[in-house]
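> Model the structure of this input:
(chains A, B, C, D and E)
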Amino acid sequence: MSASLLYQFLFLIPLVSAGIIACFLRKKHNLAAGLSVLSGAVFSAIGLYLIYVRPEGQLSLAWLSLSGPAGKSFDLSFGVLFNDLSALMLLVLIVVGLLVQVFSLGYMKNDPAKARFFGGLSIFMFAMLGIVLADNLVMIFIFWELVGFGSYVLINHYFEKPTAVAASKKAFIVNRVGDFGFLLGIVFVYQRFGTFDLVELAEMAGHHGELLSTTMGLLLFCGVLGKSAQMPLHVWLPDAMEGPTPISALIHAATMVAAGIYFTARVYFLMTPEALKVIMWVGTITAAFAAFVAFGQKDIKKVLAFSTLSQLGYMVAALGLGSYAVSHGHGGEAALASGAAVAMFHLTTHAFFKALLFLNSGSIIDACHHEQDIYKMGGLSKKMPITFVTFAIGLLAIGGFPFLSGFFSKDTILHLAHEAPHHGGPALVYYILLGTAALTGLYMARLFVVTFFGKARSENAEHAKESGPAMVLPLVVLAVLSVIGGYNWFFGNTFESVTSAIPHAEGSFKTLMIIAGTVFSLGGIVLAWLIWNPNKETDTLESAMPCVFKALAARLYVDAAYDWYVEKIQDRLALILSFLDQLFISGLMVRGTAGIVGFFGIISRSLHVGNLGGYVYWFAVGVLVLGAIAFGIL
Amino acid sequence: MSNYSILLLSTILVPLLVAIVLLAAGRLPKGVTQFLATLGFFFPALGGLILWRGFQPVDATGYDYLTSLPTGLEGLGITLKLGLNGLSMPLFFMAGVVGLAAGIYAMQSRAERMQQYLMLLLFMQAGLMGVFASVDIFFFYFFHELALIPTFICIGVWGGRDRSSAAMEMTIYLTLGAMLSLIGLLAIYFQSGAESFDMISLKAAVANAPITGEWQNIIFGLLMFGFGILVSLFPFHSWAPRGYASAPTSVAMLHAGVLKKFGLYGFIQVAVPLVPAGAIHWQGLLAGLGLAGVIVIGLITIAQRDLKEMVGLSSVMHMGYCFLGVACVSVLGAAGVVITMVAHGLTVALLFLLGHVVYRRTDTYDMDDMGGLVKKTPALAAIFSAAVFASIGLPGPGMLNFFGEFTIFAALWEYSRLITAGAVLGVIISAIYGLRAIARIFFGPPSEALEKHLAENSVKDITTAEKIPTLILLVTMVVIGLFPRLMTDDMQRSLDANFQSIHSGIEQLAFEEEESEQELASISHPHRQ
Amino acid sequence: MNWESYKSIADTNLWSAILPEFVLVILALSLLLLDMFGGSKGRGLVGRVTMLGLLVLFVLSLTVLRDNLGYINQTTFSGMLLHSDFGQIMRLFFLASSLLTAYLGSVFLKKQGLPGTEFYAITLLVTASLMLLSQSNNFVLLFVALETVTIGFYVLVSYNRDRSNSLEAGLKYLIMGGFSTAILLMGIVLLYGIGSSPVLEGATAHSLNFSELRNFLELNSDNLIAKVGVLLVVAGVAFKIGSVPFQIWIPDVYQGAPTPVTAALAVSSKAGGFAVLIALVSGPFKPMADLLIPVLSVMAIVTILFGNIAALTQQNVKRLIGLSGVSHAGYLLMGVVAMFTVPSAQNAIVFYLITYLLASYAVFGVMAHVSKRGQDDAQNLGDYQDMLKESPFLAGVLVLGLASLAGIPPLAGFIGKLLLFYVAFEAELYTMLAVAIVGVVISIYYYFGWIKEATFRIWKLPLLEGEEPEEPREWPEVSRTARLTLGGLALLALLLGLYQGPLSSLIG
Amino acid sequence: MTIGLNEFLIVSGLLFTIGFVGLLIRRNTLILFMCLEIMLNGVNLALISFSRFNGTMDGNLLVFFIITVAAAEVAVGLAIIVALFRKRETVFVDELNSLKN
Amino acid sequence: MVDFLFYMFALTTLLGAGSVVLSRNPVNAAMLLIVSFVGTASLFIVLGAYFLAAVQLAVYAGAVIVLFLFIIMLLNVDASRKWKPSYFTMAGGLIAGILMVFAVLHLFKRGENFTTDTLSESAPIGTTTQSFGVELFTAYMLPFQLAGILLLIAMLGVIFISKRTSDKGKEAV
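Numbers count the residues shown, from 1 in each chain, chains lettered A, B, ... in the order given. Sure thing, here's the model as predicted:
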């Protein structure tokens, strides 16, 4: 089969599945779930075929074609650009997506709106696929927005909860703020290059470096700020945990939030070194910030959300650090700069272990009857052994324990950061990222210790049981992937142009990393055990340093600042403007004019006194005035 | 006269005749009324579809189906000349579709004296079709005004609260706009020297000898404010939210969806091609007002509690984008405007319709008195959300809206980056009010008022009857959104024809001005012509 | 002068040239005879005879007498009359107007219980004079015809002799009319005196004749006395057309006069004034363009604004329509000003007058029906509430009539305004155009305000405990004739807006 | 003999003026009528003067018609005044103002 | 002699007219109006318009004024009611009067517009009754007939208005 046809299938399968569910299966929940998983399976099969076989063929459909300014053509089209990079991202999407769908079968078993959930999942898969395969900026943007929509729907799954409603709204609007820049960036690109096509753009950017601009790159990066939840647009991601946990695993950990990283890697050639510098700092700051804030969270999913933020910060920082790296790229369609490659590498491993952690948390939450406060859990290690083990693997992976997947990817990022000062970069980034790695080990260990050890701190935790096979199976698969996902042999030659661009640490630095990884992960657990004694009922930090904990729990007041802005500035401005509109435009301008005319109306009305004597004067004055006008006096 | 031309004419005549029958026939049985009205509403939509399918402009003017009929005003260069070009075709079709949806929905409404209501709507419908089918700018204006009286009476008789003063304000405002544009059109007629109101001859005449610069500025100024008022340009918008809030749903759909597009269509089809130098002269102001419309009105929309007023204001805001597109004075901008017009027409009609469907279930338009409706009406919530997402330009349901806005942004960047940035801000603003509205109506816990209402009344999900007009609009929107080339290819050709003369015209004008200045300098005293 | 010359003068007295007027006078006289000798039965027939006669005459004038038996573009009665196409149209116009007045009169008189013979007879005679007025080519005839019309209207305005308001209106009209007559006469005298002054170049013995006067004025357009004379004549005519500052009598007189007479005043009398003005401006006063253009322009502007603004706050529909009529005079004056540079503006004025006739009589017809039996027939806007619901036919006619007056497409009034705007544009009267637009916009308020009263749903307060429900208003039965007449008018107002073919010769 | 056209015209003009001023200042409808007649007399005088000094006959004929018209006007006017007096019992315009806003 | 007559008649006319305007009693005013009309008629005679002078006397002094007097007596208007114009009215009248007098004097001043012939220099035109008749029945036939119609209308009108429809016609004001 030709690739073109396969691409079409790929796009159509989730779409049709979503369509069928929306139209016919709204009430038939199990059928809907079955259909969704089935379509997911077929989707995966086709996807894997595409990834590993790479059949020949292209897909390109023109949406519209107009003539743009200065003889340029303005073509918006739908097309596929399939290269190693997109293949890698597709792999992540397929693997995590399918596992999450299977997991959801168990997790959402008794949900009254199962059909909507699975329909939403299908839509999301479709939209995400669009981002992954798009061959031009406009199409990316379109699917970018659609992904946001899917995320909105899924976060809003429990729509009777005001917090869920608010969170979904927040997610969408904050993403739109990012898209504001993204859209401008696309327009900017068009104005400079006269095309949206990625291949053409890459070519032109390669030959005409002078056409690039830092502003353009940063505008495009605005979209990433939103979607990948970087400072200062990170606020939506922790709130997005209001959605069902499988969603958090798929969308808000593994794929959608990573789409920003993927996109930046995809348009890496449009980024100037100056833009990358900014990007690097954004990532670094986000990584550190989120790691700190994670200590203030008691909700198991919130901790994971901040850890996601932190890891995304790593990836973004890696992208930025690329500006100080020597490109190792060779072969493939287009050499991928090492920054992008490293970021993609971490993206992949992170997708595995973070999805694992989230699904674990889902398993726990399900077992604890939707209890999410870790201080209401405890002692689960015995009750849920498989979950416990897989969680431990995830924990070690994210902590950078040597020879697990996280170790390799984080290692390469730190390596880049370490190398950066040799190419004129700041040394500070390295230290921040290293510190953040240590913090990561610690807060994850806190989560681990408090959740699994000690004794059950609530009724719900008391009765927790291991989850069923539909949920356990994905956990095991992901645990395996988290272990092996960092090795070159795992990727093989399929993603040549990405993997080959990844610089690997050697020699002393590698040793240092192994030591650091071990210390951070295992040491973290020990330290966490000491600090957050699982037998205590309350958080140690909270009792020891209440103000610090409060600040961290409040996410260092960034959200409060936004709320303050929305409530005190934006809404008030809207009200004031509305009032002014009523006052000046409807009132003064419209009614005022009407009033003035009406006033003259009353005056002229009062001239008709009904008295002949008065009327005669009118005549006299009339004749006089006419004469005056005629003879030019008036 | 070919069969297609007859079809084109009858898309206007059939609703008109049905209206006259309903008017003259006295009280008819309900079934007969409904049958006739369905015919009157269905015919234009079907005709629009057939005409679009067969659309094949051959000559350079970009028009197809040209036909003219005598009127008695030939002495003034006025003939009833009908035809469609790439710009009017999609709008014509859109008018038919929105009319169909509005008509079907009107038949379901619980309006008293249904026959009169449908009769007036059919008059409006005839006017709508006529506006976009006219090649003669006199009739273009004439058909628009045809709908003024029906609109007024419909609002007054079948409207909601505050209808009396709202109808008055709207009518006076619209008349002001119409009068200004009438003078502008007359000025074009006199200054072009074409001795005809025929758009094709006018364009030809202007291409040969452009209107003098001073007159261009005056004419465009007149048209800008005239059309602008009709389209609710920023400081002249106050009639729109009020009027729509009190109008009966079908009237709001027809007016906000289609009739309002008259002004913008006039900009693209008449004003900019015929007086390009004037357009460039006023560009800055128009862009400024358009931008103010997007941002200020957008923010005001956020503050609304009344669902209908919110939709009305959002439509004013979207018109801001269109003005920005016009202000670009470029093919791309104009194309964006036409796409946005089609998209917005369908979307806003859908929103007004769904707004009323919600109203039927809550008995209020106040969004603070709603909430949590989704439990009772999941399908309605889904469709409503789709409509709102379309309106805020989310690709998918609102693909066409997105394409339109995006095209405008791309064109606008050429003109001014700062203004583009401001305009794109609207993307955020519209997301804020759109999502808030969905959340306030459907999600979260129900408000006290709604709970009380729900306890007393049984509330059902959207009915099949209500779904029909909804789906007509939604499906049209999505299909055109997925295949915008259906319209853009023909549009491109017509726009090229329209804009072809612009640049040369402006150049020629600049040259002549230079010459006349030299002449003036050589003659010691200026004199009147 | 010898007898031969007198004979040759007398030979120009071709009575056949004024056949329609002649027939009207005969008809009026036979009405009186019928009244006198026909007993009560004859008296009952008077109205029908009048209408039938007028209808026949109208149809004949429209068909057989179209070219006025070949007198077009000739003068008869030793230069007193000039038969022109314009005069022919105005004849038809006045016949139609008279027919409609007679019809409204029959409705009105029945309600008020007044005898009708005098009404119809005077209407016919006034019509005959109006027809002569519009063809007059000499100040003497102009004066006499104008006065015949005016005195006829004095009587008609006071016709409702049992109502003091009608008489008061008659008195007011009479004194203001007398005053304006004096002013007009002074103007005529000055023109006569200066035109025949032997010391001036171009003096003529027959300076009261329009064409002779024109020749004189062409040579002496700067003469002060001629200028004053022209101004005074214009002032006198301005009284007839009701333009500011000579409009002040209008609301009171319209309010007091019986409805059919108000209609005739609003249409025939105004049209008569414009016929005179057009004859003067296109004839003798043409050389005075430099003097008249600014005067008439200012007059038009002020008239448009004043008429509309004053009508804005009116609650009494007759005053309202009177003041709106003032504004229409303003629009028409704009056309008159345009005539100085664009002679074809005359056609626009005539077309406008025709549309004005259709719409006005439609509205007045509704008013005549709405008026209450045996009471003062002045009405307030409030009397029109619920009309659409109770009497949709009348409401429909009213809406079409008012909308046509307001100049809303697709009605004839719009085409009328369009043509006026067109000629104004052609004549480059931009300021006036701007004012006209403002006027039209203002006028929407009261025209649509009236439509609003008649059509909009009214919220009624729920009745309180012990409150009696208001007695429902009695809505008039609409006879078949009324349906035919009013419906026909409304339909014509609509059709003429959609298709102007039959009048295309006017528009050219 | 110094009397010429101008003297006559001035007299006629003054007569017109007197009538005019009378109209402005009087409130009795009967007197108003008289003032109108005075104005018409002024006009007549001017007509006859012009007619005589300019040697044309037309003015004289116009005077004839003016007198006719004036008489008819007075007759109608007085009839109205009488009828109105029956209803309102007054001839003063100040009191005849029930038609007004 | 003619000068003297002119001034005398002119003075009579103007004074008579002025007194009409200023007289308090309508009866007096009517009598004074006769004086003024007679003065005008005399001026007509001075100008040689004998026929019109006769008509003037017959129609105005004879018919119109008698009608006035008749009506005044009939109505029996409250004579005790004093005429008290407001200052505003008087000022208006005064200003209008002064302006008009200036206008008249300015318009009718001796100048290039008018013939400078004195009365004796100008030839009387044939304003005999016969010439009137001939003119009226030839050149002025149409207005003459129309005047008849006018009188008919006036007659009809006067008769109609003066009649009472019924007693209930009297309304409360």
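
> Please count neighbours and contacts with C-alpha atoms only from this point.
Will do.

> and whichever residue of the stretch 401-550 of chain A sits closest to chain C, what does it touch?
Using C-alpha to the nearest C-alpha, the single residue of the stretch 401-550 of chain A nearest to chain C is A:Lys550, 58.8 Å away. By C-alpha atoms under 8 Å, 6 or more residues apart in numbering or on different chains, the residues touching A:Lys550 are A:Gly296, A:Glu542.

> gap between it and A:Gly296?
Per C-alpha to C-alpha, to the nearest Å, A:Lys550 is found 7 Å from A:Gly296.

> before we move on, what about C:Ser134?
98 Å.

> how close does A:Lys376 get to A:Ala464?
Using C-alpha to C-alpha, A:Lys376 is found at 12 Å from A:Ala464.

> With A:Ile596 instead?
77 Å.

> Spell out which parts of chain A neighbour chain C.
Within chain A, the positions adjacent to chain C are A:597-598, A:600-605, A:608, A:610, A:612, A:615-616, A:618-619, A:621-623, A:626-627, A:629-631 by C-alpha under 8 Å from any C-alpha of the partner chain.

> tell me the contacts of the nearest residue to B:Leu495 once chain neighbours are set aside?
Spatial nearest neighbour of B:Leu495, chain neighbours left out: B:Val331 (6.1 Å); criterion: C-alpha to C-alpha, 6 or more residues apart in numbering or on different chains. Going by C-alpha under 8 Å, 6+ apart, B:Val331 touches A:Ser67, A:Gly68, A:Pro69, B:Gln492, B:Leu495, B:Asp496, B:Phe499.

> number of nearby residues for the closest residue to chain D within the stretch 351-500 of chain A?
Relative to chain D, the nearest point of the stretch 351-500 of chain A is A:His370 (78.0 Å; C-alpha to the nearest C-alpha). The number of residues packed near A:His370 is 12, by other C-alpha atoms under 10 Å in any protein chain shown.

> On the three-state scheme, it is what?
Put simply, A:His370 is coil when judged by DSSP: H, G, I helix; E, B strand; the rest coil.

> quick one: pLDDT of it?
Predicted confidence (pLDDT) for A:His370: 80.

> So which of C:Ser134 and A:Gly296 has more stuff around it?
C:Ser134 (31 against 23).

> wait, is that one part of a helix?
Yes. Residue state for C:Ser134 (three-state DSSP) corresponds to a helix.

> Provide a list of residues in contact with it.
Counting by C-alpha under 8 Å, 6+ apart, C:Ser134 has contacts C:Gly87, C:Met90, C:Arg91, C:Gly272, C:Ala275, C:Val276, C:Ala279.

> Pick out the most distant pair among those.
Greatest spatial distance among the contacts of C:Ser134 (C-alpha to C-alpha): C:Arg91 and C:Ala279, at 13.9 Å.

> what residues does the stretch 201-350 of chain C put near chain E?
Residues of the stretch 201-350 of chain C found near chain E (C-alpha under 8 Å from any C-alpha) are C:Leu224, C:Ile225.

> let's see it at 7 Å
C:Ile225 (C-alpha under 7 Å from any C-alpha of the partner chain).

> quick one, phi/psi of the residue in chain E that chain A sits nearest to?
Distances between chain E and chain A by C-alpha to the nearest C-alpha are smallest at E:Ala96, namely 7.6 Å. Per-residue torsions, E:Ala96: phi -60, psi -40 (degrees, to the nearest 10).

> low pLDDT regions in the chain?
By default, I'm working from chain A. A:1, A:325-335, A:634 (pLDDT under 70).

> nope, chain D
D:1.

> all helices for it, in order.
For chain D, the helices defined by DSSP state H occupy D:5-25, D:29-54, D:58-88.

> just those: most buried one?
helix D:29-54 (a mean of 28; mean count of other C-alpha atoms under 10 Å in any protein chain shown).

> Give the burial count for residue 437, as a bare number.
Chain wasn't specified; assuming chain A. When neighbours are counted by other C-alpha under 10 Å, A:Ala437 registers 26.

> Chain B was what I was after
24.

> Likewise for B:Ala60?
10.

> Confirm that it sits in a strand.
No. Remark: B:Ala60 does not belong to a strand; assigned using three-state DSSP, it is coil.

> Contact partners for the nearest residue to it once chain neighbours are set aside?
Spatial nearest neighbour of B:Ala60, excluding adjacent residues (C-alpha to C-alpha, 6+ apart): B:Ala497 at 6.9 Å. Applying C-alpha atoms under 7 Å, 6 or more residues apart in numbering or on different chains to B:Ala497 gives the contacts B:Ala60, B:Thr61, B:Gly62.

> and the gap between the second one and B:Phe499?
The reference is to B:Thr61. Where B:Phe499 is concerned, B:Thr61 sits at a distance of 11 Å (C-alpha to C-alpha).

> who has more neighbours, those two?
B:Phe499 (23 against 19).

> tell me which element that one falls in.
helix B:485-522 (DSSP states H and E).

> Assign a three-state SS to the closest residue to chain B within chain E, would you?
Nearest residue of chain E to chain B: E:Asn113, at 34.8 Å (C-alpha to the nearest C-alpha). Assigned with three-state DSSP, E:Asn113 falls in the coil class.

> ok, how many other residues are close to it?
Neighbour count for E:Asn113, taken as other C-alpha under 10 Å: 20.

> dump the residue contacts of it.
E:Asn113 neighbours (C-alpha under 7 Å, 6+ apart): C:Ile194, C:Val199, C:Leu200.

> Can you tell me how far the second one is from chain B?
When C-alpha to the nearest C-alpha, to the nearest Å is applied, the distance between C:Val199 and chain B equals 37 Å.

> quick one: that residue and E:Asp117 touch, right?
No. Counting by C-alpha atoms under 7 Å, C:Val199 does not reach E:Asp117; the two are 10.4 Å apart.

> ok, and what's touching stretch C:410-423?
So stretch C:410-423 is in contact with B:142, B:146, B:186, C:335, C:338, C:342, C:345, C:348-349, C:351-352, C:355-356, C:404-408, C:433, C:493-494, C:496-498, going by C-alpha under 7 Å, 6+ apart.
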